[in-house]
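Q: just a sequence and a predicted model for now, questions to come.
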Amino acid sequence: MLSIFIFSEFIADLSSSRENAAIRKRLEKKAIRCPYACDAEITWRTLDAHINQCLEKPILCEQCQKSLPQKNLSSHQTKCPQRIVDCSFGCGFRATAVAMEVS
């Protein structure tokens, strides 16, 4: 993954000479695979846009800091052990699900 970003920076850093512009144009059209599990075939030009919306892109749960694919975040948040839940006795107390022993 790091090599993709380094190469993307290389493409962006090519100077504006005609020779470098031609090289940049060819490289931007080069097909690559998404670095995440979706395995989509994309171009260097569309890499950033794809990564921003890729459902397989790893993201961190804000509650437990677990890394998971973006597509699984919503279902994870409903069962995350660090989510905040209300006391089942209706007293108004709130704590993490793990502290309340809620599954």
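A: Done, it's in.
Q: low-confidence regions, this structure specifically.
A: Counting by pLDDT under 70, the ranges of the chain that qualify are 1-19, 102-103.
Q: domain assignment for it?
A: According to automatic domain parsing, the chain is divided into the following domains: 2-53, 58-100.
Q: how far is the last one from where the chain is centred?
A: What separates the centre of domain 58-100 from the centre of its chain is 19 Å, taken as C-alpha atoms, centre = their mean, to the nearest Å.
Q: and it, how far apart are its ends?
A: The distance separating the two terminal residues of domain 58-100, taken as C-alpha to C-alpha, to the nearest Å, comes to 28 Å.
Q: again with stretch 61-74
A: By C-alpha to C-alpha, one end of stretch 61-74 lies 10 Å from the other end.
Q: one more: stretch 28-44?
A: Its start and end residues considered, stretch 28-44 measures 5 Å (C-alpha to C-alpha).
Q: so Ala95 touches Val85, yeah?
A: Yes - using C-beta atoms under 8 Å, Ala95 is in contact with Val85, at 7.0 Å. Quick note: C-beta positions are derived from backbone N, CA and C, even for glycine.
Q: quick one on the thing from earlier: can I get the domains of the chain in a markdown table including mean neighbour count?
A: Conversion of these to a markdown table gives the following (neighbours: other C-beta atoms under 10 Å):
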| stretch | mean neighbour count |
| --- | --- |
| domain 2-53 | 13 |
| domain 58-100 | 13 |
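Q: grab the most central residue of the protein for me.
A: Lys57 (3.2 Å; C-alpha atoms, centre = their mean).
Q: mind listing the strands for this structure?
A: Secondary structure of the chain by DSSP state E: the strands cover 31-33, 41-43, 58-60, 67-69, 84-86, 94-96.
Q: how about residues contacting the second one?
A: Applying C-beta atoms under 8 Å, 6 or more residues apart in numbering, the external contacts of strand 41-43 come out as Glu28, Lys29, Lys30, Ala31, Ile32, Arg33, Cys34, His50.
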